[in-house]
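Trainee: here is the input, now give the coordinates:
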Amino acid sequence: MTESKPRERILVVDDEPDIVALVVYHLAKEGYRVSSASNGTEALETAQRERPALIVLDLMLPGLSGFDVLEQLRAGESTAGIAVLMLTARKEEPDRIKGLSLGADDYLTKPFSPQELVLRVRAILRRSAAAPAAGDLLTIGALAIDRAAHTVTVRGHEVELTPTEFKLLLLLAERRGRVQGRAQLLESVWEAAPDIQTRTVDMHVQRLRAKLASAGDLIETVRGFGYRLHAPRDT
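Mentor: Here you go, the predicted model:
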């Protein structure tokens, strides 16, 4: 007896029909509702219309590049929280870093295993879906994290976070005062995907600090090891 199939909507964006067909087939087989787009403009229009839970986004697109699409997704009020798994044929670190710095949740290099892609998608969506009991509010100084609603506010103003950013912040907050190593964070937040590197953690922390504005100072860098979220110091 198999477990009930997931029903989240996923948008696959790639200009290579064979890759789109392959990815759509494997995701649909897992029970996901799948849409597709072959260029950046179509991807943005579909994302705004359908509000998918996740976008599988190729970086090498005609016209608007995947980087352009990602940047516009994160800038849009209705699309800022959509999870993004980027696909890249380039294995160079700068491409991965640029994608992560723009807010991608994870990345996969081509050629890839369809089974691994499905596992990555499942892991990202699990980060977004896992929530403790309703009404569980965690407050640290000006920062408030509602674990049930998956919302974050700073001084009463809501901050838009991706599923991965939310899980990373929540983990640091729940373990506040304790240093979390980069490898430890990779294992807990990214579920230790084999080719994910520690720089991934650094890029997400950098984005978190920027989004949290004044509350970003709560996240301390522990040189040579990792990060720690501390309670605000008395002034």
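
Trainee: tell me what residue 152 is bridged to.
Mentor: residue 145, residue 159 (DSSP bridges).

Trainee: does it touch residue 139 like I think?
Mentor: No - contact criterion Cβ atoms under 8 Å: residue 152 and residue 139 do not qualify, at 11.0 Å. Where you see a C-beta, it was placed from the backbone N, CA and C, and this is true even at glycine.

Trainee: tell me the domain ranges of the chain?
Mentor: 9-129, 137-229 (automatic domain parsing).

Trainee: in the protein, which spans are helices?
Mentor: 17-29, 40-50, 66-75, 93-101, 114-129, 163-174, 182-189, 198-212 (DSSP state H).

Trainee: rewinding a little: and the domains of the chain as JSON lines, adding mean pLDDT?
Mentor: Output for the domains of the chain, formatted as JSON lines (pLDDT from 0 to 100):
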{"stretch": "domain 9-129", "mean pLDDT": "90"}
{"stretch": "domain 137-229", "mean pLDDT": "87"}
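
Trainee: so can I have a markdown table of those showing mean neighbour count?
Mentor: Compiled in a markdown table, the domains of the chain are given as follows (neighbours: other Cβ atoms under 10 Å):
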| stretch | mean neighbour count |
| --- | --- |
| domain 9-129 | 18 |
| domain 137-229 | 17 |
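
Trainee: and the gap between the residue nearest to the spatial centre of the chain and residue 177?
Mentor: The residue lying closest to the centre of the chain (Cα atoms, centre = their mean) is residue 105, at 2.6 Å. The gap separating residue 105 from residue 177 is 27 Å, by Cβ to Cβ, to the nearest Å.

Trainee: what of residue 74?
Mentor: Counting by Cβ to Cβ - residue 74 and residue 177 are separated by 31 Å.

Trainee: same check on residue 156?
Mentor: 25 Å.

Trainee: ditto for residue 77
Mentor: For residue 77 relative to residue 177 (Cβ to Cβ), the value is 34 Å.

Trainee: same check on residue 54?
Mentor: From residue 54 to residue 177 the distance is 33 Å (Cβ to Cβ).

Trainee: who touches both of residue 152 and residue 139?
Mentor: Contact criterion Cβ atoms under 8 Å, 6 or more residues apart in numbering; residues shared by residue 152 and residue 139: residue 145.

Trainee: can you give the distance of stretch 80-95 from its chain's centre?
Mentor: How far stretch 80-95 lies from its chain's middle: 10 Å, per Cα atoms, centre = their mean, to the nearest Å.

Trainee: again, but for stretch 182-199
Mentor: Worked out by Cα atoms, centre = their mean, stretch 182-199 lies 13 Å from the chain centre.

Trainee: stretch 98-114 now?
Mentor: Worked out by Cα atoms, centre = their mean, stretch 98-114 lies 10 Å from the chain centre.

Trainee: stretch 46-59 now?
Mentor: Counting by Cα atoms, centre = their mean, stretch 46-59 is centred 13 Å from the centre of its parent chain.

Trainee: mind saving the C-alpha coords of it as PDB?
Mentor: Taking Å, rounded to 0.1, in the frame of the first residue of the first chain, the C-alpha atoms of stretch 46-59 are listed here in PDB:
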ATOM      1  CA  THR A  46       2.600  31.200 -15.400                       C
ATOM      2  CA  ALA A  47       4.100  31.600 -11.900                       C
ATOM      3  CA  GLN A  48       1.900  34.700 -11.300                       C
ATOM      4  CA  ARG A  49      -1.200  32.900 -12.600                       C
ATOM      5  CA  GLU A  50      -0.800  29.500 -11.100                       C
ATOM      6  CA  ARG A  51       1.300  30.200  -7.900                       C
ATOM      7  CA  PRO A  52       3.100  26.900  -8.000                       C
ATOM      8  CA  ALA A  53       4.700  25.500  -4.800                       C
ATOM      9  CA  LEU A  54       8.000  25.100  -6.600                       C
ATOM     10  CA  ILE A  55       9.700  26.000  -9.900                       C
ATOM     11  CA  VAL A  56      12.300  23.800 -11.600                       C
ATOM     12  CA  LEU A  57      14.200  26.500 -13.400                       C
ATOM     13  CA  ASP A  58      16.900  26.100 -16.100                       C
ATOM     14  CA  LEU A  59      19.400  28.900 -16.100                       C
END
